[in-house]
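**Q** structure of the sequence below:
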Amino acid sequence: MSLSEVGFRLRRKIVNSVERIGVGRAKPAQPVGRCGEPWLAHLPRRFDTQRYARAADRILEGWFDVFALRGAALGFPPRWNVDPKTGIEAPLQFGKDLNYRDPEIVGDVKYLWEVNRHLELVTLAQAWHLTADERYAQGCKALLESWFGQCPYPRGVNWCASLEHAVRLVNWSFAWFLLGSQESRLFAGEPGRAFRQRWLTCIYQHCHFIASHWSRYSSANNHLLGEATGLFVAAVTWPLWEESARWRDAARSELTREALAQTFSDGVNKEQATWYHHAVADMLLLSGLVARANSCDFGAEYWARLQAMLEFIASVMDVGGNVPAFGDADEGVLVRFVPGRPANVFGSLLATGAVLFGRPQLHAKAAGFDDKSRWLLGDGAESRFKALEASQVTLPVRRAFPDGGYYILGEHFETPREVRVVADAGPLGYLSIAAHGHADALSFTLSVSGKPILIDSGTYSYRADGAWRRYFRGTLAHNTLTVDGESQSVFGGAFLWLEHAGTAVDAFEIGPDVQHLSAHHDGYRRLPDPVRHRRTWRYHPGAAQLTVSDELLCAGAHALQLCWHFSPECYVTRHGDSVVAERAGVRLRLTCSRRLALQLASGREHPPLGWFSPAVDVKVPAPTAVFAGEIRGDTALRTDIQIEFV
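**A** This is a model prediction of the structure:
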């Protein structure tokens with residue numbers, strides 16, 4: 001820990017101590033002035049109204065969707081300090097003293113916080129905007145008033161973490177405008193004015209909390225960007241206090257700096273996790289739209305970095321719309337613009353980006369103009385989206401992302417015979433803890449005809465016991481080599497890596513007869529007999545053949561496990577020393593050149609092996625082939641992967 005971090009943590013401890021006794025707490029003055037402008041001058045209305053009304057009715061009936069809990073009966077309004085997963089009620093002690101990481105005190109805080117982000121508030125406000133049914137507006141009021149009553153500032157689990165305040169503020173902002181802004185009928189009469197005052201007081205307290213408790217150092221990743229997003233959106237939406245301009249400028253500066261600091265110039269987010277890549281892109285997008293609508297736009301470099309992030313998504317997405325699940329994923333969204341589980345968050349970003357940047361390449365990879373894009377860009381944006389359709393484009397947008405370390409091999413892109421290999425030769429993750437990175441150096445995914453065949457295993461859970469968290473983050477859960485049963489990087493905790501494997505690319509060439517990528521990592525240098533792993537991919541266009549060569553440089557004896565993780569939709573069988581996987585008209589034959597023991601596993605519990613996690617707290621058996629054995633000294637092995645269309 002650096003001296004500056006020690007100083008920061010000491011100051012934070014002092015601030016928390018004096019706040020506990022009331023010094024330095026938020027003391028809002030009377031709000032003065034007009035609210036900011038909504039993200040759009042004319043809010044859209046061309047939707048399936050009944051879809052939003054049904055979703056809002058379900059909320060009013062007390063049904064909530066919280067990660068793996070689909071249709072949890074929480075009541076309306078819910079009990080805000082109760083974890084819907086375990087039923088544990090968090091105490092209303094001073095928030096900064098509360099150990100929210102202790103499940104015996106708060107339960108599964110991720111589930112508890114998800115409800116308190118108020119994604120449902122936006123759904124209710126959308127339903128009112130589209131139907132003018134007063135039940136939905138009154139539902140918004142009831143939801144908020146119950147939250148104010150059950151979650152008093154600054155006590156309880158909802159006054160612990162700045163990111164949660166920020167996400168809540170963004171949802172409050174969008175709901176505020178959907179309900180009619182400061183002219184909302186909810187604010188009519190004396191009761192309405194009292195409700196408005198109570199809401200604004202809580203907004204001020206949220207802003208004050210974020211400005212006093214920025215995430216630095218260990219959480220200075222997407223958390224910091226999220227906090228800046230929430231504070232910026234709030235300060236622009238409600239510029240009603242003397243501090244508002246200072247909050248806006250500080251948050252805008254933070255966003256400008258972190259947008260560039262946390263994302264490589266090639267567009268890859270440094271967390272090395274595709275879900276968080278989407279989350280950060282969404283933060284930049286929403287902040288940017290709010291800024292433009294209120295004459296405080298960000299600079300060209302900010303928007304260029306967002307555009308590069310979308311180019312990365314378009315490049316790694318296969319013809320079926322699938323994006324590799326590199327790194328952690330938690331299903332979290334900043335605002336739930338469309339009811340239900342997120343369907344295609346990546347395609348939605350591409351649809352919005354196609355219109356914003358006038359990019360036919362992004363249009364070609366989007367799955368159409370979706371509801372979220374309409375909410376963000378307006379009813380007229382769909383015609384602009386369709387106008388890009390006639391443009392001729394060459395895809396993928398890019399094949400190499402040298403800063404982020406991702407490379408694309410294959411052929412027949414965007415056709416029914418597409419073969420797309422996405423290889424990972426990038427760093428472990430962002431900052432020293434690399435919180436959301438996985439030990440997946442030199443791993444890769446393979447998709448054929450828009451159907452994932454060789455996959456990344458996913459995340460499963462942040463709160464699961466150590467063995468499951470270790471498994472899904474570890475090298476064994478990825479399509480690469482494990483040496484002596486160790487992960488390439490040293491696990492230090494649920495969101496901590498103590499040592500990072502360093503990866504470097506030696507060559508990347510795209511030719512008419514062969515495509516070639518060679519890279520190495522030093523993650524096993526820490527072993528008593530250090531091992532260096534170099535992997536070379538060669539794809540042969542026309543032959544639909546991928547050759548993966550692994551070279552291990554060492555002096556002594558080592559145990560190897562070479563893993564191949566198949567999609568659960570694949571039917572996988574053993575044929576002698578080969579593995580054959582079949583899925584919907586595609587057959588893949590995988591053969592290892594070296595005589596190693598071959599094992600097929602699926603859904604093994606102890607120790608874990610052969611799993612895929614499609615969503616938070618959900619894991620399903622997935623066929624996995626493991627070639628295992630012992631080597632002594634420098635060793636080379638080759639895996640031939642032949643793809644057939646049947």
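
**Q** next, give phi and psi for the residue nearest to P512 when sequence neighbours are not counted.
**A** For P512, ignoring the flanking residues on the chain, the nearest one in space by C-beta to C-beta, 6 or more residues apart in numbering is P541 at 7.2 Å. All C-beta atoms are positioned from the backbone trio N, CA, C, and that covers glycine. The phi/psi pair for P541 (degrees, to the nearest 10) reads phi -60, psi 150.

**Q** same question for L546.
**A** When read as degrees, to the nearest 10, the backbone of L546 gives phi -120, psi 130.

**Q** just the pLDDT at the closest residue to W159 other than its chain neighbours, thanks.
**A** Residue nearest to W159 in three dimensions, not counting chain neighbours: G95, with 3.1 Å by C-beta to C-beta, 6+ apart. In this prediction, G95 carries a pLDDT score of 97.

**Q** what of A390?
**A** Looking at A390, its pLDDT is 74.

**Q** tell me the secondary structure of it, please.
**A** Taking DSSP: H, G, I helix; E, B strand; the rest coil as the rule, one finds A390 in the coil state.

**Q** so how far is E551 from the residue nearest to W159?
**A** Noted for G95: a distance of 53 Å to E551, by C-beta to C-beta, to the nearest Å.

**Q** picking that back up, run through the residues that contact the residue nearest to W159.
**A** Residues in contact with G95 (C-beta atoms under 8 Å, 6 or more residues apart in numbering) are 154-160.

**Q** and P78, by the same measure?
**A** Under the criterion of C-beta under 8 Å, 6+ apart, the contact list for P78 reads 62, 64, 84, 115.

**Q** tell me the spacing between the third one and G62.
**A** In other words, P84. From P84 to G62 the distance is 11 Å (C-beta to C-beta).

**Q** now the common contact residues for these two.
**A** Residues touching both P84 and G62 (C-beta under 8 Å, 6+ apart): 74, 78.

**Q** my guess is G629 meets C592, correct?
**A** No - between G629 and C592 there is no contact under C-beta atoms under 8 Å: 9.7 Å.

**Q** higher neighbour count, those two?
**A** For G629 versus C592, neighbours defined as other C-beta atoms under 10 Å are more numerous around C592 (21 against 17).

**Q** look up phi and psi at that one.
**A** Per-residue torsions, C592: phi -100, psi 130 (degrees, to the nearest 10).

**Q** what helix or strand is R51 on?
**A** If you go by DSSP states H and E, R51 is part of helix 49-60.

**Q** report the buried residues of that helix.
**A** Using 16 or more other C-beta atoms under 10 Å as the test for burial, helix 49-60 gives 51-53, 55-60.

**Q** K365: which of those residues is nearest?
**A** Within the buried residues of helix 49-60, proximity to K365 (C-beta to C-beta) peaks at R51, which comes in at 25.2 Å.

**Q** what sits closest to the closest one if chain neighbours are left out?
**A** P339 (6.5 Å).

**Q** tell me the contacts of that neighbour?
**A** Residues in contact with P339 (C-beta under 8 Å, 6+ apart) are 51-52, 54-55, 123.

**Q** now for A142, how many residues are close by?
**A** Residues within reach of A142, counting by other C-beta under 10 Å, total 14.

**Q** report pLDDT for it.
**A** pLDDT recorded at A142 is 98.

**Q** so what's it closest to, chain neighbours aside?
**A** P77 (5.8 Å).

**Q** compare P84 and G62 (neighbour count), which wins?
**A** A direct count of neighbours by other C-beta under 10 Å for P84 and G62 places P84 higher, at 21 against 13.
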